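> Structure of the sequence below:
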Amino acid sequence: MCDVQTILTVHLNHMKFNSFNLFHLIAPFANEFANLITISGLANLYPHKPESYLDLLKIYTFDIIALTGIISNAVIASKAYNHLLGVIGGVLFLIFAFTFPNVFMHDILYSSYFSKYKIITGLIIIYCLELIINLSFCFIKSKIYKPKEVSEIIETKEVEHELTDRLKKTKKDDEEKKIEETKDIKKE
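Residues are numbered from 1 along each chain as shown. Here you go, the predicted structure:
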């Protein structure tokens with residue numbers, strides 16, 4: 001959905017709150033949330049200078065969660081619209097939820113202007129990146145996605161009904177044939 005309210009609320013106004021939907025919202029930014037917690041000094045979840053295999057494991061775990069969330073969102077877009085929009089959505093998430101924050105978040109949050117308010121600034125940045133993803137996706141979708149016309153949908157439904165009727169008739173004919181065969185066997 002591409003109305004202003006949906007974009008500004010990052011789809012929260014249409015979301016059924018369950019773990020699946022929450023995963024799709026948060027997972028693409030998992031590494032950035034971990035990065036934000038590390039930069040703010042609350043915990044070392046995403047070490048910037050890994051010194052051990054445990055540090056690498058922490059980084060890779062959050063990166064895998066983020067990439068899984070990105071893939072999942074791309075699959076949802078593919079199912080909802082088409083393959084091309086799924087790929088485009090995935091690329092937008094890769095750029096704005098993974099690459100861009102990994103490259104720039106650390107420098108932005110350590111700049112003198114934002115250093116006192118790292119958590120708030122980081123959350124605002126993540127929200128803005130989500131807005132950029134949604135706005136970009138909606139813009140691209142409006143240019144390349146053409147939903148089926150009502151006449152095409154009706155035509156498709158008519159074909160489905162015709163096929164369903166044929167299938168029912170075939171099943172009925174098969175049942176009648178089995179009944180006849182059973183009667184013939186009983187006569188013998």
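> Residue 120 and residue 134, how far apart?
Distance, residue 120 to residue 134, using Cβ to Cβ, to the nearest Å: 21 Å. Glycine gets a C-beta too; all of them are placed from N, C-alpha and C.
> swap that for residue 73, please
11 Å.
> residues in contact with the strand or helix carrying residue 108?
In this assignment (DSSP states H and E), residue 108 forms part of helix 100-110. Identification of contacts with helix 100-110 by Cβ atoms under 8 Å, 6 or more residues apart in numbering yields 29, 31-32, 35-36, 39-40, 48, 114-115, 118, 121-122, 125-126, 129.
> What subset of the residues you listed is buried?
Using 16 or more other Cβ atoms under 10 Å as the burial test, the contacts of helix 100-110 include 29, 31-32, 35-36, 39, 114, 118, 121-122, 125-126, 129 as buried.
> Can you tell me what sits against stretch 66-86?
When contacts are defined by Cβ under 8 Å, 6+ apart, stretch 66-86 is touched by residues 23-24, 26-32, 87-90, 93-94, 97-98, 137, 140-141, 144-145.
> One more: stretch 16-30?
Here stretch 16-30 has contacts from 10-12, 15, 33, 62, 65-66, 68-70, 72-73, 76, 93, 97-98, 101, 126, 129-130, using Cβ under 8 Å, 6+ apart.
> ok, back up a step: kindly provide the whole-number mean pLDDT of the helix holding residue 108.
What helix 100-110 shows for mean pLDDT is 81.
> how distant is that helix from the center of its chain?
From the chain centre to the centre of helix 100-110 is a distance of 24 Å (Cα atoms, centre = their mean, to the nearest Å).
> on that earlier part again, any chance of the buried ones among the contacts of helix 100-110 in TSV, plus pLDDT?
Putting the buried ones among the contacts of helix 100-110 into TSV (pLDDT from 0 to 100) gives the following:
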residue	pLDDT
29	90
31	90
32	89
35	88
36	87
39	83
114	63
118	81
121	85
122	86
125	88
126	90
129	92
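> Let me see the ranges of the helices in the protein.
4-8, 19-26, 30-39, 53-80, 83-93, 100-110, 118-144, 150-187 (DSSP state H).
> For residue 85, see how far away the spatially most central residue of the chain is.
Nearest residue to the geometric centre of the chain (Cα atoms, centre = their mean): residue 73, 1.4 Å. Look at residue 73 and residue 85: by Cβ to Cβ, they are 11 Å apart.
> circling back: ok, of the contacts of stretch 66-86, which come out buried?
The neighbour-count test (16+ other Cβ under 10 Å) marks 23-24, 27-32, 88-90, 93-94, 97-98, 137, 141 as buried among the contacts of stretch 66-86.
> Thank you, goodbye.
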